[in-house]
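A.B. asks: Provide a 3D model corresponding to the input given below.
(one chain, ligands or ions: 1)
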Amino acid sequence: MNANIAGFLRASTQRHPDAVCIIAGGREYTWGEIDRAADDFAAGLVQRGLHAGDRVAMLLGNCVEFVIAYYGAARAGLVSVPMNPAYTSAEVAVLLADSGSRLLLVQPETRQVGEDSAAALPGCEVVEIGSDEWDRIMATGQGAVLAEVMTPPEALALLLFTAGTSGRPKGAMLSHGALRSNVEMLLALTEPPAVVDEDIVLIVLPMFHVYGLNTALGLAVAAGATIVISDRFDPKDALDLIAARRVTTIAGAPAMYQAWCATPGVREAMATVRLLSSGGAPLPSRVFEQFEQVSGLRIYEGYGMTETGPVISTTLVSGEPKAGSVGQPLPGLEVRILDEDGGEVDEGDPGELWVRGPSVFAGYWPDGAGGPDGEGWFHSGDVAYRDEGGDLHLVDRRREVILVNGFNVYPREIEIVIDDLPDVAEAAVVGVPDDETGEAVTALVVPRRGATVTAEQVAEHCATRLARFKCPTVIRVVEALPHSATGKIAKGRLRDVYGDSGYGS
Ligand code: AMP
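C.D. replies: Next comes the predicted model:
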(Lines give C-alpha, C1' and ligand atoms only; values in the text may rest on other atoms or scores of the structure.)
Protein backbone atom coordinates (compact mmCIF):
# COMPACT_ATOMS: atom_id res chain seq x y z
CA MET A 1 0.00 0.00 0.00
CA ASN A 2 1.12 3.54 -0.69
CA ALA A 3 1.16 5.30 2.70
CA ASN A 4 1.65 8.81 1.26
CA ILE A 5 -0.62 11.29 3.04
CA ALA A 6 -1.29 13.01 -0.28
CA GLY A 7 -3.24 9.85 -1.18
CA PHE A 8 -6.06 11.21 1.01
CA LEU A 9 -6.28 14.28 -1.22
CA ARG A 10 -6.33 12.15 -4.37
CA ALA A 11 -9.01 9.80 -3.03
CA SER A 12 -11.35 12.60 -1.95
CA THR A 13 -10.78 14.36 -5.30
CA GLN A 14 -11.70 11.21 -7.21
CA ARG A 15 -14.96 10.98 -5.26
CA HIS A 16 -16.05 14.54 -6.06
CA PRO A 17 -13.61 16.50 -8.27
CA ASP A 18 -15.98 19.41 -8.84
CA ALA A 19 -17.15 19.86 -5.26
CA VAL A 20 -15.75 22.73 -3.20
CA CYS A 21 -12.64 21.69 -1.29
CA ILE A 22 -11.40 25.00 0.12
CA ILE A 23 -12.88 28.39 0.81
CA ALA A 24 -10.16 30.93 1.55
CA GLY A 25 -9.80 34.67 1.14
CA GLY A 26 -13.35 34.87 -0.24
CA ARG A 27 -12.59 32.37 -3.07
CA GLU A 28 -13.71 28.80 -3.60
CA TYR A 29 -11.41 26.07 -4.94
CA THR A 30 -12.62 22.66 -6.10
CA TRP A 31 -10.96 19.38 -5.17
CA GLY A 32 -9.81 19.01 -8.76
CA GLU A 33 -8.07 22.40 -8.66
CA ILE A 34 -6.30 21.73 -5.36
CA ASP A 35 -5.23 18.23 -6.39
CA ARG A 36 -3.86 19.50 -9.72
CA ALA A 37 -2.05 22.37 -8.03
CA ALA A 38 -0.45 19.93 -5.57
CA ASP A 39 0.64 17.80 -8.56
CA ASP A 40 2.12 20.86 -10.30
CA PHE A 41 3.96 21.99 -7.20
CA ALA A 42 5.33 18.47 -6.63
CA ALA A 43 6.54 18.10 -10.22
CA GLY A 44 7.85 21.68 -10.26
CA LEU A 45 10.05 21.03 -7.23
CA VAL A 46 11.35 17.78 -8.68
CA GLN A 47 12.20 19.65 -11.92
CA ARG A 48 14.04 22.19 -9.80
CA GLY A 49 16.30 19.45 -8.50
CA LEU A 50 14.78 18.64 -5.14
CA HIS A 51 14.98 14.97 -4.19
CA ALA A 52 12.88 12.72 -1.98
CA GLY A 53 13.77 13.39 1.66
CA ASP A 54 14.79 17.05 1.07
CA ARG A 55 13.21 19.53 3.45
CA VAL A 56 10.87 22.34 2.38
CA ALA A 57 10.30 24.96 5.08
CA MET A 58 7.19 27.14 5.25
CA LEU A 59 6.83 30.47 6.97
CA LEU A 60 3.15 30.85 6.15
CA GLY A 61 -0.11 31.72 7.82
CA ASN A 62 -3.25 29.77 6.96
CA CYS A 63 -3.81 30.07 3.20
CA VAL A 64 -4.64 27.88 0.22
CA GLU A 65 -0.99 27.82 -0.90
CA PHE A 66 -0.07 26.22 2.43
CA VAL A 67 -2.34 23.29 1.59
CA ILE A 68 -1.01 23.04 -1.97
CA ALA A 69 2.62 23.16 -0.80
CA TYR A 70 2.11 20.66 2.03
CA TYR A 71 0.40 18.02 -0.12
CA GLY A 72 2.59 18.80 -3.11
CA ALA A 73 5.77 18.34 -1.05
CA ALA A 74 4.42 15.07 0.37
CA ARG A 75 3.55 13.83 -3.10
CA ALA A 76 7.13 14.47 -4.27
CA GLY A 77 8.51 12.62 -1.21
CA LEU A 78 9.75 15.89 0.32
CA VAL A 79 9.55 16.72 4.00
CA SER A 80 7.55 19.78 5.11
CA VAL A 81 8.96 21.97 7.88
CA PRO A 82 6.20 24.43 8.88
CA MET A 83 7.20 27.31 11.12
CA ASN A 84 5.33 29.95 13.05
CA PRO A 85 5.13 33.03 10.76
CA ALA A 86 5.52 35.21 13.85
CA TYR A 87 9.09 33.99 14.37
CA THR A 88 11.99 36.43 14.12
CA SER A 89 14.77 35.91 11.60
CA ALA A 90 17.07 34.70 14.40
CA GLU A 91 14.56 31.98 15.29
CA VAL A 92 13.90 30.99 11.67
CA ALA A 93 17.65 30.89 10.91
CA VAL A 94 18.20 28.30 13.65
CA LEU A 95 15.41 26.06 12.36
CA LEU A 96 16.48 26.40 8.71
CA ALA A 97 20.04 25.47 9.54
CA ASP A 98 19.04 22.64 11.89
CA SER A 99 16.63 21.11 9.36
CA GLY A 100 18.94 21.75 6.39
CA SER A 101 15.98 23.06 4.40
CA ARG A 102 16.57 23.62 0.68
CA LEU A 103 13.58 25.84 0.10
CA LEU A 104 11.74 28.33 2.28
CA LEU A 105 8.24 29.42 1.28
CA VAL A 106 7.22 32.86 2.48
CA GLN A 107 4.31 35.24 2.01
CA PRO A 108 4.58 39.02 1.55
CA GLU A 109 4.40 39.56 5.34
CA THR A 110 7.20 37.08 6.09
CA ARG A 111 9.41 37.73 3.08
CA GLN A 112 11.90 39.99 4.86
CA VAL A 113 12.31 37.66 7.83
CA GLY A 114 12.70 34.73 5.43
CA GLU A 115 15.36 36.46 3.36
CA ASP A 116 17.28 37.63 6.42
CA SER A 117 17.24 34.20 7.98
CA ALA A 118 18.26 32.36 4.80
CA ALA A 119 20.98 34.88 3.91
CA ALA A 120 23.75 32.88 5.58
CA LEU A 121 22.55 29.57 4.11
CA PRO A 122 23.64 29.29 0.46
CA GLY A 123 21.75 26.01 -0.01
CA CYS A 124 18.36 27.48 0.90
CA GLU A 125 16.26 29.37 -1.66
CA VAL A 126 13.44 31.69 -0.63
CA VAL A 127 10.26 31.69 -2.73
CA GLU A 128 7.22 33.87 -2.08
CA ILE A 129 3.81 32.31 -2.72
CA GLY A 130 2.02 33.92 -5.63
CA SER A 131 5.25 35.54 -6.94
CA ASP A 132 6.64 35.09 -10.47
CA GLU A 133 9.00 32.47 -9.08
CA TRP A 134 6.10 30.54 -7.53
CA ASP A 135 4.24 30.74 -10.85
CA ARG A 136 7.35 29.42 -12.63
CA ILE A 137 7.50 26.39 -10.31
CA MET A 138 3.82 25.68 -10.97
CA ALA A 139 4.19 26.18 -14.75
CA THR A 140 7.22 23.89 -15.01
CA GLY A 141 5.36 21.33 -12.93
CA GLN A 142 2.35 21.53 -15.21
CA GLY A 143 4.43 20.56 -18.18
CA ALA A 144 6.07 17.63 -16.41
CA VAL A 145 4.79 14.20 -15.47
CA LEU A 146 5.43 13.09 -11.93
CA ALA A 147 5.94 9.36 -11.61
CA GLU A 148 3.99 8.12 -8.61
CA VAL A 149 6.37 7.01 -5.90
CA MET A 150 5.43 4.25 -3.50
CA THR A 151 5.82 5.76 -0.06
CA PRO A 152 6.47 3.31 2.77
CA PRO A 153 4.77 4.14 6.10
CA GLU A 154 8.09 4.93 7.79
CA ALA A 155 9.07 7.61 5.22
CA LEU A 156 9.41 11.03 6.82
CA ALA A 157 6.62 13.49 5.91
CA LEU A 158 6.91 16.24 8.45
CA LEU A 159 9.48 17.84 10.69
CA LEU A 160 7.76 19.90 13.36
CA PHE A 161 9.86 21.91 15.73
CA THR A 162 8.51 21.84 19.22
CA ALA A 163 9.88 23.22 22.42
CA GLY A 164 6.92 22.27 24.55
CA THR A 165 6.59 25.46 26.54
CA SER A 166 10.25 25.80 27.41
CA GLY A 167 13.67 24.81 26.13
CA ARG A 168 15.32 24.73 22.72
CA PRO A 169 13.14 23.61 19.80
CA LYS A 170 13.65 20.05 18.60
CA GLY A 171 12.36 18.68 15.28
CA ALA A 172 9.83 15.91 15.88
CA MET A 173 10.00 13.46 12.96
CA LEU A 174 6.54 12.37 11.84
CA SER A 175 6.25 9.74 9.13
CA HIS A 176 3.51 9.34 6.54
CA GLY A 177 2.37 6.26 8.45
CA ALA A 178 2.18 8.13 11.78
CA LEU A 179 0.14 11.03 10.35
CA ARG A 180 -2.08 8.71 8.34
CA SER A 181 -2.81 6.38 11.25
CA ASN A 182 -3.86 9.24 13.54
CA VAL A 183 -6.31 10.43 10.87
CA GLU A 184 -7.62 6.89 10.33
CA MET A 185 -8.17 6.31 14.04
CA LEU A 186 -10.22 9.52 14.23
CA LEU A 187 -12.16 8.64 11.08
CA ALA A 188 -13.10 5.31 12.65
CA LEU A 189 -15.06 7.06 15.45
CA THR A 190 -18.72 7.09 14.54
CA GLU A 191 -20.85 8.28 17.45
CA PRO A 192 -20.55 11.06 16.75
CA PRO A 193 -18.23 11.02 13.73
CA ALA A 194 -15.33 13.47 14.01
CA VAL A 195 -15.92 14.60 10.43
CA VAL A 196 -17.90 13.39 7.41
CA ASP A 197 -17.98 14.22 3.72
CA GLU A 198 -20.92 16.62 4.15
CA ASP A 199 -19.23 18.65 6.88
CA ILE A 200 -18.08 22.22 6.47
CA VAL A 201 -15.01 22.54 8.66
CA LEU A 202 -13.63 25.81 9.97
CA ILE A 203 -9.84 25.90 10.26
CA VAL A 204 -8.65 28.96 12.11
CA LEU A 205 -6.11 27.09 14.23
CA PRO A 206 -2.63 27.62 12.85
CA MET A 207 -1.69 24.97 10.29
CA PHE A 208 1.98 25.28 11.24
CA HIS A 209 1.03 23.38 14.43
CA VAL A 210 0.27 19.66 14.37
CA TYR A 211 -3.30 20.11 15.63
CA GLY A 212 -4.28 22.48 12.81
CA LEU A 213 -2.23 20.51 10.29
CA ASN A 214 -3.17 16.89 10.86
CA THR A 215 -6.28 16.90 13.05
CA ALA A 216 -8.03 19.83 11.38
CA LEU A 217 -6.66 19.86 7.80
CA GLY A 218 -5.51 16.23 7.39
CA LEU A 219 -8.72 14.81 8.80
CA ALA A 220 -10.96 17.10 6.72
CA VAL A 221 -9.04 16.27 3.54
CA ALA A 222 -9.30 12.54 4.24
CA ALA A 223 -13.04 12.81 4.89
CA GLY A 224 -13.59 14.94 1.79
CA ALA A 225 -15.24 17.73 3.79
CA THR A 226 -15.37 21.37 2.68
CA ILE A 227 -12.66 23.40 4.42
CA VAL A 228 -13.12 27.05 5.34
CA ILE A 229 -9.71 28.56 6.03
CA SER A 230 -9.22 31.64 8.15
CA ASP A 231 -5.87 33.13 9.04
CA ARG A 232 -6.64 35.10 12.16
CA PHE A 233 -8.98 34.55 15.05
CA ASP A 234 -11.26 37.40 15.90
CA PRO A 235 -14.31 36.16 17.84
CA LYS A 236 -16.86 38.33 16.00
CA ASP A 237 -15.40 37.84 12.49
CA ALA A 238 -15.20 34.10 13.09
CA LEU A 239 -18.89 34.01 14.05
CA ASP A 240 -19.80 35.92 10.87
CA LEU A 241 -17.80 33.46 8.79
CA ILE A 242 -19.39 30.46 10.55
CA ALA A 243 -22.87 31.83 9.84
CA ALA A 244 -22.11 32.88 6.26
CA ARG A 245 -20.52 29.54 5.28
CA ARG A 246 -22.88 27.38 7.37
CA VAL A 247 -19.97 25.74 9.18
CA THR A 248 -20.76 22.39 10.84
CA THR A 249 -17.57 21.48 12.74
CA ILE A 250 -14.85 23.53 14.40
CA ALA A 251 -11.47 22.42 15.67
CA GLY A 252 -10.69 24.95 18.35
CA ALA A 253 -8.49 25.85 21.27
CA PRO A 254 -9.56 26.95 24.77
CA ALA A 255 -8.83 30.64 24.13
CA MET A 256 -11.35 30.65 21.24
CA TYR A 257 -14.16 29.26 23.36
CA GLN A 258 -13.28 31.60 26.19
CA ALA A 259 -13.48 34.59 23.81
CA TRP A 260 -16.81 33.39 22.38
CA CYS A 261 -18.29 33.17 25.90
CA ALA A 262 -18.05 36.97 25.97
CA THR A 263 -19.27 37.58 22.39
CA PRO A 264 -22.96 38.16 21.61
CA GLY A 265 -24.76 36.09 18.97
CA VAL A 266 -22.96 32.75 19.39
CA ARG A 267 -26.11 30.61 19.42
CA GLU A 268 -27.50 32.17 16.23
CA ALA A 269 -24.17 32.13 14.39
CA MET A 270 -23.59 28.48 15.30
CA ALA A 271 -27.06 27.27 14.30
CA THR A 272 -25.56 24.85 11.74
CA VAL A 273 -22.69 23.62 13.95
CA ARG A 274 -22.93 19.97 15.00
CA LEU A 275 -19.52 19.37 16.59
CA LEU A 276 -16.88 21.41 18.40
CA SER A 277 -13.56 20.23 19.69
CA SER A 278 -10.86 21.70 21.88
CA GLY A 279 -7.28 20.66 22.43
CA GLY A 280 -3.70 21.78 22.76
CA ALA A 281 -4.14 23.25 26.23
CA PRO A 282 -6.51 22.63 29.13
CA LEU A 283 -10.12 23.73 28.63
CA PRO A 284 -11.21 25.16 32.01
CA SER A 285 -14.45 23.57 33.29
CA ARG A 286 -15.84 27.05 33.72
CA VAL A 287 -15.39 27.76 30.00
CA PHE A 288 -16.94 24.39 29.05
CA GLU A 289 -20.01 25.23 31.14
CA GLN A 290 -20.33 28.89 30.16
CA PHE A 291 -19.94 28.02 26.51
CA GLU A 292 -22.75 25.46 26.77
CA GLN A 293 -24.95 28.16 28.28
CA VAL A 294 -24.31 30.69 25.54
CA SER A 295 -24.40 28.27 22.59
CA GLY A 296 -26.35 25.19 23.66
CA LEU A 297 -23.36 23.13 22.45
CA ARG A 298 -20.94 20.98 24.42
CA ILE A 299 -17.26 20.87 23.53
CA TYR A 300 -15.41 17.60 22.91
CA GLU A 301 -11.98 17.86 24.48
CA GLY A 302 -8.95 16.02 23.16
CA TYR A 303 -5.40 15.60 24.31
CA GLY A 304 -2.37 15.19 22.13
CA MET A 305 1.20 16.15 21.43
CA THR A 306 3.26 17.04 18.40
CA GLU A 307 5.19 13.81 19.04
CA THR A 308 2.07 11.64 18.76
CA GLY A 309 0.62 12.87 15.51
CA PRO A 310 -1.11 14.40 17.68
CA VAL A 311 -4.31 12.92 19.18
CA ILE A 312 -3.89 10.49 22.10
CA SER A 313 -7.33 10.69 23.67
CA THR A 314 -10.63 12.49 23.19
CA THR A 315 -14.13 12.51 24.63
CA LEU A 316 -15.28 11.63 21.08
CA VAL A 317 -14.29 8.03 21.91
CA SER A 318 -17.12 7.63 24.45
CA GLY A 319 -19.23 10.21 22.62
CA GLU A 320 -19.88 12.02 25.92
CA PRO A 321 -18.27 15.42 26.47
CA LYS A 322 -17.23 15.78 30.11
CA ALA A 323 -15.93 18.98 31.70
CA GLY A 324 -12.30 18.65 32.80
CA SER A 325 -11.67 15.32 31.05
CA VAL A 326 -9.71 14.57 27.89
CA GLY A 327 -11.63 11.34 27.34
CA GLN A 328 -10.34 7.91 26.45
CA PRO A 329 -7.41 6.79 24.28
CA LEU A 330 -8.11 6.39 20.57
CA PRO A 331 -8.77 2.74 19.73
CA GLY A 332 -5.45 1.62 18.23
CA LEU A 333 -3.31 3.36 20.86
CA GLU A 334 -2.19 1.90 24.18
CA VAL A 335 -1.85 4.13 27.24
CA ARG A 336 -0.31 3.38 30.65
CA ILE A 337 -0.02 5.57 33.74
CA LEU A 338 3.15 4.92 35.68
CA ASP A 339 4.84 6.10 38.88
CA GLU A 340 8.38 7.45 39.19
CA ASP A 341 9.81 3.91 39.27
CA GLY A 342 7.97 2.77 36.18
CA GLY A 343 5.37 0.74 38.12
CA GLU A 344 1.61 0.94 37.46
CA VAL A 345 -0.08 3.49 39.77
CA ASP A 346 -3.09 2.51 41.87
CA GLU A 347 -6.37 3.09 40.02
CA GLY A 348 -7.21 6.80 40.14
CA ASP A 349 -3.74 7.95 41.19
CA PRO A 350 -1.77 10.36 39.02
CA GLY A 351 1.34 9.24 37.17
CA GLU A 352 3.22 9.83 33.94
CA LEU A 353 1.28 8.91 30.82
CA TRP A 354 3.03 6.59 28.37
CA VAL A 355 1.65 5.93 24.91
CA ARG A 356 2.37 3.33 22.23
CA GLY A 357 0.95 2.91 18.75
CA PRO A 358 1.28 3.66 15.05
CA SER A 359 0.95 7.46 15.30
CA VAL A 360 3.89 7.92 17.65
CA PHE A 361 6.84 9.80 16.12
CA ALA A 362 10.25 8.41 15.22
CA GLY A 363 12.25 10.58 17.62
CA TYR A 364 13.82 14.01 17.16
CA TRP A 365 15.72 15.13 14.09
CA PRO A 366 18.16 14.12 12.87
CA ASP A 367 19.11 10.90 14.66
CA GLY A 368 15.83 9.86 16.27
CA ALA A 369 17.01 10.64 19.81
CA GLY A 370 14.32 11.01 22.48
CA GLY A 371 11.82 8.82 20.64
CA PRO A 372 9.86 5.83 21.92
CA ASP A 373 11.75 3.37 24.16
CA GLY A 374 12.85 -0.11 23.03
CA GLU A 375 9.32 -1.44 23.44
CA GLY A 376 7.73 1.40 21.52
CA TRP A 377 6.47 3.40 24.52
CA PHE A 378 6.74 7.19 24.34
CA HIS A 379 7.01 8.77 27.78
CA SER A 380 4.82 11.85 27.36
CA GLY A 381 6.05 13.87 30.33
CA ASP A 382 2.39 14.60 31.15
CA VAL A 383 0.94 13.61 34.50
CA ALA A 384 -2.57 12.18 34.25
CA TYR A 385 -5.06 10.02 36.13
CA ARG A 386 -7.98 7.85 35.09
CA ASP A 387 -11.37 8.39 36.79
CA GLU A 388 -13.85 5.63 37.67
CA GLY A 389 -15.46 5.95 34.26
CA GLY A 390 -12.12 5.24 32.58
CA ASP A 391 -11.78 8.84 31.35
CA LEU A 392 -8.40 10.55 31.48
CA HIS A 393 -7.69 13.82 33.27
CA LEU A 394 -4.46 15.72 32.80
CA VAL A 395 -2.86 16.99 35.96
CA ASP A 396 0.28 18.71 34.68
CA ARG A 397 3.55 18.46 32.85
CA ARG A 398 5.92 16.29 34.84
CA ARG A 399 8.73 18.80 34.73
CA GLU A 400 6.46 21.58 36.02
CA VAL A 401 5.82 19.73 39.26
CA ILE A 402 6.97 21.81 42.23
CA LEU A 403 8.64 20.08 45.16
CA VAL A 404 7.82 21.76 48.47
CA ASN A 405 9.56 20.03 51.37
CA GLY A 406 9.57 16.92 49.21
CA PHE A 407 5.82 17.03 48.54
CA ASN A 408 4.55 17.14 44.94
CA VAL A 409 2.59 20.27 44.10
CA TYR A 410 0.92 20.28 40.68
CA PRO A 411 0.78 23.89 39.44
CA ARG A 412 -2.31 23.15 37.36
CA GLU A 413 -4.32 22.22 40.44
CA ILE A 414 -3.55 25.61 41.96
CA GLU A 415 -4.16 27.47 38.70
CA ILE A 416 -7.63 25.90 38.50
CA VAL A 417 -8.41 27.12 42.03
CA ILE A 418 -7.22 30.66 41.27
CA ASP A 419 -9.03 30.67 37.89
CA ASP A 420 -12.24 30.13 39.85
CA LEU A 421 -12.13 33.67 41.23
CA PRO A 422 -14.60 35.59 39.05
CA ASP A 423 -12.27 38.55 38.50
CA VAL A 424 -9.32 36.42 37.38
CA ALA A 425 -8.66 36.05 33.65
CA GLU A 426 -5.83 33.54 34.05
CA ALA A 427 -3.08 32.44 36.37
CA ALA A 428 0.29 30.73 36.10
CA VAL A 429 1.90 28.88 38.99
CA VAL A 430 5.59 28.04 39.00
CA GLY A 431 8.21 26.94 41.50
CA VAL A 432 11.10 29.20 42.45
CA PRO A 433 14.09 28.08 44.49
CA ASP A 434 13.65 28.55 48.20
CA ASP A 435 16.28 28.09 50.91
CA GLU A 436 13.88 26.65 53.42
CA THR A 437 11.46 24.50 51.44
CA GLY A 438 13.49 23.64 48.32
CA GLU A 439 10.96 25.32 46.06
CA ALA A 440 8.29 27.89 46.77
CA VAL A 441 4.92 28.06 45.05
CA THR A 442 4.65 31.32 43.14
CA ALA A 443 1.49 32.56 41.42
CA LEU A 444 1.24 35.15 38.65
CA VAL A 445 -2.34 36.34 38.32
CA VAL A 446 -3.93 38.34 35.49
CA PRO A 447 -7.19 40.17 36.35
CA ARG A 448 -10.07 40.32 33.89
CA ARG A 449 -10.17 43.49 31.84
CA GLY A 450 -11.65 46.29 33.95
CA ALA A 451 -11.52 44.27 37.17
CA THR A 452 -9.07 44.35 40.06
CA VAL A 453 -7.69 41.45 42.02
CA THR A 454 -5.40 41.71 45.03
CA ALA A 455 -2.76 39.28 46.24
CA GLU A 456 -4.64 39.09 49.56
CA GLN A 457 -7.85 37.94 47.84
CA VAL A 458 -5.96 35.21 46.00
CA ALA A 459 -4.20 34.11 49.19
CA GLU A 460 -7.47 33.93 51.15
CA HIS A 461 -9.22 32.02 48.39
CA CYS A 462 -6.39 29.48 48.12
CA ALA A 463 -6.29 29.02 51.89
CA THR A 464 -9.93 27.87 51.90
CA ARG A 465 -9.43 25.42 49.05
CA LEU A 466 -5.91 24.01 49.28
CA ALA A 467 -3.68 22.28 51.81
CA ARG A 468 -1.23 24.72 53.32
CA PHE A 469 1.87 23.38 51.56
CA LYS A 470 0.19 23.96 48.18
CA CYS A 471 -0.77 27.60 48.82
CA PRO A 472 1.31 30.14 46.90
CA THR A 473 3.77 31.95 49.14
CA VAL A 474 4.42 34.61 46.52
CA ILE A 475 1.51 36.12 44.59
CA ARG A 476 1.99 38.76 41.97
CA VAL A 477 -0.76 40.49 40.00
CA VAL A 478 0.42 41.13 36.42
CA GLU A 479 -1.08 42.51 33.21
CA ALA A 480 -0.48 39.58 30.88
CA LEU A 481 1.29 36.23 30.48
CA PRO A 482 3.21 34.91 27.45
CA HIS A 483 1.45 32.22 25.39
CA SER A 484 2.38 29.53 22.87
CA ALA A 485 0.65 29.18 19.48
CA THR A 486 -2.10 26.94 20.88
CA GLY A 487 -2.70 29.16 23.89
CA LYS A 488 -0.62 27.33 26.48
CA ILE A 489 1.03 29.60 29.02
CA ALA A 490 4.69 29.59 27.99
CA LYS A 491 6.21 28.92 31.39
CA GLY A 492 9.75 28.91 30.05
CA ARG A 493 9.26 32.53 28.97
CA LEU A 494 7.85 33.75 32.29
CA ARG A 495 11.36 34.45 33.48
CA ASP A 496 12.05 36.65 30.43
CA VAL A 497 8.94 38.62 31.16
CA TYR A 498 9.18 38.92 34.91
CA GLY A 499 12.91 38.75 35.52
CA ASP A 500 14.92 35.78 36.71
CA SER A 501 15.68 36.98 40.17
CA GLY A 502 12.49 35.43 41.49
CA TYR A 503 9.17 37.03 40.71
CA GLY A 504 8.91 39.53 43.54
CA SER A 505 5.75 39.84 45.56
P1 AMP B 1 2.18 20.45 21.55
O2 AMP B 1 3.23 19.48 21.19
O3 AMP B 1 2.54 21.86 21.31
O4 AMP B 1 0.87 20.08 20.95
O5 AMP B 1 1.98 20.35 23.14
C6 AMP B 1 1.61 19.13 23.72
C7 AMP B 1 1.29 19.34 25.17
O8 AMP B 1 0.12 20.16 25.31
C9 AMP B 1 0.91 18.05 25.89
O10 AMP B 1 2.06 17.32 26.28
C11 AMP B 1 0.09 18.57 27.04
O12 AMP B 1 0.94 18.96 28.10
C13 AMP B 1 -0.59 19.80 26.47
N14 AMP B 1 -1.98 19.53 26.10
C15 AMP B 1 -2.47 19.15 24.91
N16 AMP B 1 -3.82 18.99 24.95
C17 AMP B 1 -4.18 19.26 26.22
C18 AMP B 1 -5.44 19.29 26.91
N19 AMP B 1 -6.59 19.00 26.31
N20 AMP B 1 -5.41 19.61 28.22
C21 AMP B 1 -4.25 19.93 28.86
N22 AMP B 1 -3.05 19.94 28.26
C23 AMP B 1 -3.01 19.61 26.95
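A.B. asks: Quick one: residues contacting T454.
C.D. replies: Residues near T454 by Cβ atoms under 8 Å, 6 or more residues apart in numbering: V477. Any C-beta I mention is one placed from the backbone N, CA and C, and that applies to glycine too.
A.B. asks: How much space separates it from the ligand?
C.D. replies: Distance of T454 to the ligand, computed by Cβ to the nearest ligand atom, to the nearest Å: 29 Å.
A.B. asks: swap in R398?
C.D. replies: In terms of Cβ to the nearest ligand atom, R398 sits 9 Å off from the ligand.
A.B. asks: ok, how many other residues are close to that residue?
C.D. replies: Other residues near R398 come to 17 when the count uses other Cβ atoms under 10 Å.
A.B. asks: Leaving out the residues flanking it, which one is nearest to it?
C.D. replies: Nearest residue to R398 in three dimensions, chain neighbours excluded: G381, at 4.8 Å (Cβ to Cβ, 6 or more residues apart in numbering).
A.B. asks: Can you classify Q328 by secondary structure?
C.D. replies: What DSSP: H, G, I helix; E, B strand; the rest coil gives for Q328 is strand.
A.B. asks: what's the distance between A42 and Y70?
C.D. replies: 11 Å (Cβ to Cβ, to the nearest Å).
A.B. asks: ok, now which ones touch the closest residue to the ligand within the stretch 51-200 of the chain?
C.D. replies: Proximity of the stretch 51-200 of the chain to the ligand (Cβ to the nearest ligand atom) peaks at T162, 4.8 Å away. Listed by Cβ under 8 Å, 6+ apart, the contact set of T162 reads 169-170, 172, 306-307.
A.B. asks: what does T215 give?
C.D. replies: 182, 186, 251, 279, 302, 304, 310-311.
A.B. asks: could you redo the last one with a cut-off of 10 Å?
C.D. replies: 182-183, 186, 194-195, 203, 205, 209, 251, 277, 279-280, 302, 304, 309-311, 314 (Cβ atoms under 10 Å, 6 or more residues apart in numbering).
A.B. asks: And for A73?
C.D. replies: 6, 38, 41-42, 45, 50, 54-56, 58, 79-81, 103, 105, 157-158.
A.B. asks: Ok, V430 next?
C.D. replies: 400, 402, 411, 439-444, 472, 474, 489, 491-492, 494-495, 498, 503.
A.B. asks: out of those residues, which are inside strands?
C.D. replies: Members of the contacts of V430 lying in strands (criterion: DSSP state E): 402, 439-444, 474.
A.B. asks: Among those, which one sits closest to the ligand?
C.D. replies: For these, the nearest to the ligand is I402 (16.0 Å; Cβ to the nearest ligand atom).
A.B. asks: partner residues bridging the closest one?
C.D. replies: Beta bridges link I402 to V409, judged by DSSP bridges.
A.B. asks: Number of residues surrounding it?
C.D. replies: 24.
A.B. asks: quick one: A69 is in a helix?
C.D. replies: Yes: assessed by three-state DSSP, A69 belongs to a helix.
A.B. asks: I figured it hits L104, correct?
C.D. replies: No: with contact defined as Cβ atoms under 10 Å, A69 does not reach L104; the gap is 11.0 Å.
A.B. asks: can you list residues touching both of those two?
C.D. replies: The contact sets of A69 and L104 overlap at 56, 58, 60, 127 (Cβ under 10 Å, 6+ apart).
A.B. asks: just to revisit the earlier point, can you verify my assumption that the residue nearest to R398 contacts V355?
C.D. replies: No: G381 is beyond contact range of V355, at 11.0 Å (criterion: Cβ under 10 Å).
A.B. asks: Which one's more surrounded, these two?
C.D. replies: The neighbour count for G381 versus V355, taken as other Cβ under 10 Å, is higher for V355 (25 against 16).
A.B. asks: Can you list the neighbours in contact with the host helix or strand of that one?
C.D. replies: Using DSSP states H and E, V355 falls within strand 351-356. Identification of contacts with strand 351-356 by Cβ under 10 Å, 6+ apart yields 303-305, 307-308, 312-313, 329-330, 333-340, 342-345, 372-373, 375-386, 392, 394-395, 397-398.
A.B. asks: same thing but 7 Å
C.D. replies: When contacts are defined by Cβ atoms under 7 Å, 6 or more residues apart in numbering, strand 351-356 is touched by residues 308, 312, 333-339, 345, 372, 376-384, 398.
A.B. asks: quick revisit: out of the contacts of T162, who has the most neighbours?
C.D. replies: Going by other Cβ under 10 Å, E307 tops the contacts of T162 with 29 neighbours.
A.B. asks: How about it: what's its closest non-neighbour residue?
C.D. replies: E307 sits nearest to F361 (Cβ to Cβ, 6+ apart), 4.6 Å away.
A.B. asks: What residues does the stretch 201-350 of the chain have near the ligand?
C.D. replies: Neighbours of the ligand within the stretch 201-350 of the chain, by Cβ under 6 Å from any ligand atom: 210, 279-282, 301, 303-306, 310, 326.
A.B. asks: TSV for those, including distance to I242?
C.D. replies: Formatted as TSV, these follow (distance: Cβ to Cβ, whole Å):
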residue	distance to I242
V210	24
G279	19
G280	20
A281	22
P282	24
E301	20
Y303	25
G304	24
M305	28
T306	27
P310	24
V326	25
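A.B. asks: out of those residues, which are inside helices?
C.D. replies: Among those, DSSP state H puts V210 in helices.
A.B. asks: Quick one: the shared contacts of A69 and L104 as CSV, columns for distance to D420 too.
C.D. replies: Below are the shared contacts of A69 and L104 laid out as CSV (distance: Cβ to Cβ, whole Å):
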residue, distance to D420
V56, 46
M58, 40
L60, 39
V127, 50
